[in-house]
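**Q** 3D model of this:
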Amino acid sequence: MPTTTWRILYPFLMRKNSVLILNCLLDLAAPDQNKVISLVYKHVIAPVYHMKLMLTTIALIANVFLFCSFTTMAQNKIMLTNYTYAPGQTTIGKVVVLNAKATEFKFKLTGENAKNFIIDKNNNLTVSKTFAAQNQQKWHDVVIEANAGNEIIQDTFRVVKDEFIRNQVIAHRGAWKNTGATENSIGALQHAIKLGCAGSEFDVHMSSDSVLFIHHDSDVQHIPIEKTSAAALTQLKLSNGENLPTLEAYLQEGIKQNKTRLILEIKPSVISKERSLALAEKVVQLVNQYKAQGWVDYISFDYDILKKVLALNPYAKVAYLNGDVAPVKLAQDKFYGFDYHFKVLQKNESWIKEAHQHKLTVNAWTVNDTALMDWLLERKADFITTNEPEILLQKVKQPK
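**A** The predicted model follows:
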């Protein structure tokens, strides 16, 4: 039973006959609710002779099943399989409900943008061709309602006009080396966008009180991020004068544009696996909160972190960094691609072709040597992560 369940039911369990009631609740996770009712009757109702305790028991049963119904409803979440559209690509993605069959729900659009979008009989979200061609806004908020008769859920999605740059250049920690910005700063992100990079990579850690910050190392100015409060971390200044940025601030800046994707690296905790997975959950929650799904790709050296991301959002784009898993396994686990050190790809050159055969993307890090850039471009690497985005941009712009 979830921890929140015990927290809610605790006051009931402290009452008379609580041991017997507890025995029933231990079986609450069973999918057969008739079994739960039978157990409640056998162990609680049958021995009850006093009206006061009978009323208490009835109230408990009502609260238990009310909470069960609420928990089931909370698990159903509307999702999109994709968040972008273009004048030539008006089908955005399929509308689905996590933890439920989409056929159980009827979807409809509400809100001011409902007239510009359609959900067809196959539950595909589509933008009208005229609107896609003529509207110049970078994104639009679309409200979708799902109705299953006894349950109605609603959510808002930010659908992005796809003007994302299609080159191979990923700015490692932003564009900082030749711009005067500090790596992993908002200024470095802004420079990567201005340069015209396909993506800007950045690293995320979690403070002692679960606030998310952008920094490469686990320590900043010899202060351990995971053991320090957010209040203390926000006072730290980067070399370019910025405060140590939070993920919240970084996302707010990143979604102002629709040219450069945000390549979000979730750093494994130096304290525990539990904190790593908690960080992954916090990251996905914040991306959802800012409706930034259309901008963000996820990467990590921790395979379990990426599987956690996919458990929370099966349609997220995730790529593995550590270089010890073959493409076929990544494809089986529904990964978007790999992002391996260039030496791994030099040693396992066949993985590039195998990845493409499995419809995986190929990225290599951190590539600053021009000859190595050429080697990867010749082998059709989809992306190259570099501290020298200006040099790589010149290469990819050259006519073949």
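**Q** going forward, measure contacts and count neighbours with C-alpha atoms only.
**A** OK.
**Q** For the stretch 101-250 of the chain, just list every one of the helices.
**A** Ranges of helices within the stretch 101-250 of the chain are 129-134, 186-195, 230-233, 247-254, based on DSSP state H, counting those that start in this stretch.
**Q** Tell me who's in contact with the nearest residue to residue 185 once chain neighbours are set aside.
**A** Using Cα to Cα, 6 or more residues apart in numbering and skipping residues adjacent in sequence, the residue nearest residue 185 is residue 245, 6.6 Å away. By Cα atoms under 8 Å, 6 or more residues apart in numbering, the residues touching residue 245 are 185, 186, 213, 214, 234.
**Q** can you rerun that using 10 Å?
**A** Residues near residue 245 by Cα atoms under 10 Å, 6 or more residues apart in numbering: 184-186, 204, 212-215, 233-234, 236-238.
**Q** Quick check: it vs residue 392, distance?
**A** Relative to residue 392, residue 245 is positioned 27 Å away (Cα to Cα, to the nearest Å).
**Q** closest to residue 349 out of the helices of the stretch 101-250 of the chain?
**A** helix 186-195 (29.0 Å; Cα to Cα).
**Q** quick one, domains of this protein?
**A** Under the assignment automatic domain parsing, the domains of the chain span 3-75, 77-161, 169-397.
**Q** want to try TSV for those domains, with mean pLDDT as columns?
**A** Formatted as TSV, these follow (pLDDT from 0 to 100):
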stretch	mean pLDDT
domain 3-75	48
domain 77-161	94
domain 169-397	98
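**Q** Out of those, which is the most enclosed?
**A** domain 169-397 (a mean of 19; mean count of other Cα atoms under 10 Å).
**Q** chain center to it, what's the gap?
**A** 13 Å (Cα atoms, centre = their mean, to the nearest Å).
**Q** re earlier: just put the contacts of residue 245 in CSV and tack on distance to residue 367.
**A** Below are the contacts of residue 245 laid out as CSV (distance: Cα to Cα, whole Å):
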residue, distance to residue 367
184, 17
185, 20
186, 22
204, 21
212, 28
213, 25
214, 22
215, 20
233, 31
234, 32
236, 30
237, 29
238, 25
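**Q** ok, so of the residues you listed, who is nearest residue 140?
**A** Residue 140 has its nearest neighbour among the contacts of residue 245 in residue 186, at 24.0 Å by Cα to Cα.
**Q** Which of the helices of the stretch 101-250 of the chain sits closest to residue 309?
**A** helix 247-254 (16.3 Å).
**Q** so what secondary structure elements neighbour that closest one?
**A** helix 186-195, strand 199-206, strand 212-214, strand 261-266, helix 273-289 (3 or more Cα pairs under 10 Å, 6 or more residues apart in numbering; DSSP states H and E).
**Q** could you dump these to a markdown table with distance to residue 158?
**A** Shown next, in a markdown table, are those (distance: least, Cα to Cα, whole Å):
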| stretch | distance to residue 158 |
| --- | --- |
| helix 186-195 | 20 |
| strand 199-206 | 19 |
| strand 212-214 | 22 |
| strand 261-266 | 15 |
| helix 273-289 | 10 |
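**Q** what's the closest of these to residue 250?
**A** helix 186-195 (6.3 Å).
**Q** can I get the CA coordinates of the closest one in CSV?
**A** Provided in CSV are the C-alpha atoms of helix 186-195 (Å, rounded to 0.1, in the frame of the first residue of the first chain):
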residue,chain,number,x,y,z
ILE,A,186,21.8,30.5,-18.8
GLY,A,187,24.1,32.8,-20.7
ALA,A,188,25.8,29.7,-22.3
LEU,A,189,22.3,28.4,-23.3
GLN,A,190,21.5,31.8,-24.9
HIS,A,191,24.8,31.7,-26.9
ALA,A,192,24.0,28.1,-28.1
ILE,A,193,20.6,29.3,-29.3
LYS,A,194,22.1,32.4,-31.0
LEU,A,195,24.8,30.3,-32.8
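**Q** And it, what does it pack against?
**A** Right, helix 186-195 is packed against strand 169-171, strand 199-206, helix 247-254, helix 389-397 by 3+ Cα pairs under 10 Å, 6+ apart.
**Q** Residue 208 against residue 226, yeah?
**A** Yes - taking Cα atoms under 10 Å as the contact criterion, residue 208 and residue 226 are neighbours in contact, 4.9 Å apart.
**Q** Overlap of the contact sets of those two?
**A** residue 275.
**Q** Would you work out how far apart the start and end of stretch 100-118 are?
**A** Across stretch 100-118, first to last residue, Cα to Cα, it's 22 Å.
**Q** roughly how far is that stretch from the heart of the chain?
**A** That offset, for stretch 100-118, works out to 22 Å (Cα atoms, centre = their mean).
**Q** Tell me if I'm right that residue 90 and residue 133 touch.
**A** Yes - contact criterion Cα under 10 Å: residue 90 and residue 133 qualify, at 9.4 Å.
**Q** Identify the contacts common to those two.
**A** Joint contacts of residue 90 and residue 133 (Cα under 10 Å, 6+ apart) are residue 127.
**Q** and residue 301, what is it in contact with?
**A** Residue 301 is in contact with 265, 266, 267, 268, 319, 320, 321, 322, 323, 324, 339, 340, counting by Cα under 10 Å, 6+ apart.
**Q** So which of those sit within strands?
**A** Among the contacts of residue 301, DSSP state E puts 265, 266, 319, 320, 339, 340 in strands.
**Q** out of those residues, who's nearest residue 108?
**A** residue 319 (33.2 Å).
**Q** The closest one touches residue 335, doesn't it?
**A** Yes - counting by Cα under 10 Å, residue 319 touches residue 335, with 6.1 Å between them.
**Q** hey, what's in contact with both of the two?
**A** With Cα under 10 Å, 6+ apart as the test, residue 319 and residue 335 both reach 306, 360, 361.
**Q** separation between the residue most central in space within the chain and residue 274?
**A** In the chain, the residue lying closest to the centroid (Cα atoms, centre = their mean) is residue 284, at 3.4 Å. Shown here: residue 284 relative to residue 274, a distance of 16 Å by Cα to Cα.
**Q** Residue 375: helix or strand, and which one exactly?
**A** Using DSSP states H and E, residue 375 sits within helix 370-378.
**Q** The following helix or strand past that helix: partners in the sheet, and parallel or antiparallel?
**A** For helix 370-378, the following helix or strand on the C-terminal side (DSSP H and E) is strand 383-386. Partners of strand 383-386 in the sheet, by DSSP bridges, are strand 169-171 (parallel), strand 361-365 (parallel).
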